[in-house]
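**Q** Sequence plus the predicted model coming up.
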Amino acid sequence: MKVFITRVIPQAGLRLLEEAGLTIEQWTKKRNLTPAELVDHCRDADALLSAGSSKIDAGFLAAVPHLKVIALHAVGYDNVDITAATAHGIPIGNTPGVLTDATADTAFLLMLATSRKAFYLHKKILRGDWNFFEPTANLGLSLEGKTLGIFGMGSIGQAMARRSKAAYNMPILYHNRKPCTTAEKELGARYVSFETLLRESDVLSVHAPLTADTQDKFNAAAFAQMKPNAIFVNTARGGLHNEPDLISALLNHQIWGAGLDVTNPEPMHPDNVLLQMPNVCVLPHIGSATVETRDAMAILAARNIIAGLKGERLPAVVNPQVYEGKPAGRPAL
Ligand SMILES: NC(=O)c1ccc[n+]([C@@H]2O[C@H](COP(=O)([O-])OP(=O)(O)OC[C@H]3O[C@@H](n4cnc5c(N)ncnc54)[C@H](O)[C@@H]3O)[C@@H](O)[C@H]2O)c1
Ligand SMILES: O=C(O)[C@H](O)CO
């Protein structure tokens, strides 16, 4: 049986697939596959391990009737038409949990780096511009005791809240689809409306998935309600914020700064005005990028593939509905 892998993934995952006796074909070029190339490589594949944001939609699924399981090397699945996959009887696996701490570390890093203008000051040093020390120059904002707002109090949102509470005793507000009793009990987090979250947060950190409900959630109307000294942090998906509106909010001092691990589009153009702003820190979507985390993601993705090909329930399945009754499309092996 053949598994097609859309990027080079850690050996830890490849080893498991090899030990399971699978034939591995891996895309090693440093560019995304086109939709047609993805279909071509998956036409005779039994499984797809997708790392990156290739669109897995109804058209793709109809073109690859041989495919029995898809494992994402990611927790987010906004690039997948889950309804279509379920209709085809294809379980979709993802990698929740194993990347929670690394991604929360990235959100925390962006909060702190933005609050101290760290990336901008680093760029100044590279230009030979190390200022004569002035007590009023290069000032950032302190985080101690400031209010942290979390949009999307899931695994990563809670891990970010835990770090911020421990480091700076930050009171926590959050908005979520439903109340999160763990965060309320453990961190004293307070559930608030979206508007209150905007109005009362000194740092607003985004951790919800990209869906039709959350697309462009942080737009001109939202930024207008935020505090002028607020820092906006997004490590979820670039589609949750409207970039022109974010730029205007920063230029008009409606908010103070922004820390972004995700942008829209990705990659961000090197001439983007956000990259010149002192109070903005941008990273190239490296939320989960530690050796240990990427190994763990590759292992979980491989376990999802192997389970799917054996006809077993995936260890981390996005569409458990696929197991309710007999799948309409493809029988498991
Ligand atoms: N930057 C990165 O490299 C990176 C790494 C991992 C995850 N992510 C992103 O982070 C997201 C969150 O990951 P997670 O593991 O914490 O997921 P999770 O499912 O544990 O948490 C998501 C939370 O968002 C909430 N939510 C969903 N829709 C909402 C809405 N409309 N309004 C308010 N809350 C809503 C859910 O109720 C849930 O509590 C992923 O979907 C992914 O897009 C990015
Ligand atoms: O969702 C995720 O796991 C990361 O953003 C990697 O794509």
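**A** All right, it came through fine. Ligands and ions are numbered 1, 2, ... in the order given.

**Q** got any ranges where the chain has weak pLDDT?
**A** Residue ranges of the chain with pLDDT under 70: 326-333.

**Q** what residues are up against the residue nearest the centre of it?
**A** The centroid of the chain falls nearest to A236 when counting by CA atoms, centre = their mean (3.8 Å). Contact partners of A236, counting by CB atoms under 8 Å, 6 or more residues apart in numbering, are G76, G152, I156, V206, H207, A208, P209, L210, V262. For every residue, glycine as well, the C-beta is placed using N, CA and C.

**Q** measure the residue nearest to the second one when sequence neighbours are not counted to N242 for me?
**A** With CB to CB, 6 or more residues apart in numbering as the measure, A208 is the residue that lies nearest to G152, at 3.0 Å, once sequence neighbours are left out. Relative to N242, A208 is positioned 15 Å away (CB to CB, to the nearest Å).

**Q** Show me which residues of this structure sit near ligand 2.
**A** Residues of the chain lying close to ligand 2 by CB under 6 Å from any ligand atom are A74, V75, G76, L99, G287, S288.

**Q** Keep these, but drop any that are not near ligand 1.
**A** When contact is defined as CB under 6 Å from any ligand atom, the residues of the chain next to ligand 2 meet ligand 1 at V75, G76, L99, G287, S288.

**Q** can you pick the most crowded of those residues?
**A** Most neighbours among these, by other CB atoms under 10 Å: L99, with 26 neighbours.

**Q** Now it: closest residue in space, sequence neighbours ignored.
**A** Nearest residue to L99, sequence neighbours excluded (CB to CB, 6+ apart): S288, at 3.8 Å.

**Q** Just the element for the one you found, please.
**A** For S288, there is no helix or strand it lies in under DSSP states H and E.

**Q** That one: what's it in contact with?
**A** Per CB under 8 Å, 6+ apart, neighbours of S288: A74, L99, A102, T103, T106, R294, M297.

**Q** can you rerun that using 7 Å?
**A** L99, A102, T103, R294, M297 (CB atoms under 7 Å, 6 or more residues apart in numbering).

**Q** from those residues, which single one is nearest S115?
**A** Ranked by distance to S115 (CB to CB), the contacts of S288 are led by T103 at 19.0 Å.

**Q** Isn't the closest one up against G287?
**A** Yes. T103 is within contact range of G287, at 4.0 Å (criterion: CB atoms under 7 Å).

**Q** Which part of this structure gets nearest to ligand 1, residue-wise?
**A** Taking CB to the nearest ligand atom, ligand 1 has its nearest neighbour within the chain at G154, 1.7 Å off.

**Q** those helices in the stretch 151-300 of the chain, which residues are they?
**A** Secondary structure of the stretch 151-300 of the chain by DSSP state H, counting those that start in this stretch: the helices cover 155-168, 181-187, 194-200, 220-225, 243-251, 291-310.

**Q** any chance of those in CSV, with mean neighbour count too?
**A** As requested, the helices of the stretch 151-300 of the chain are exported to CSV (neighbours: other CB atoms under 10 Å):
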stretch, mean neighbour count
helix 155-168, 21
helix 181-187, 15
helix 194-200, 17
helix 220-225, 17
helix 243-251, 18
helix 291-310, 22
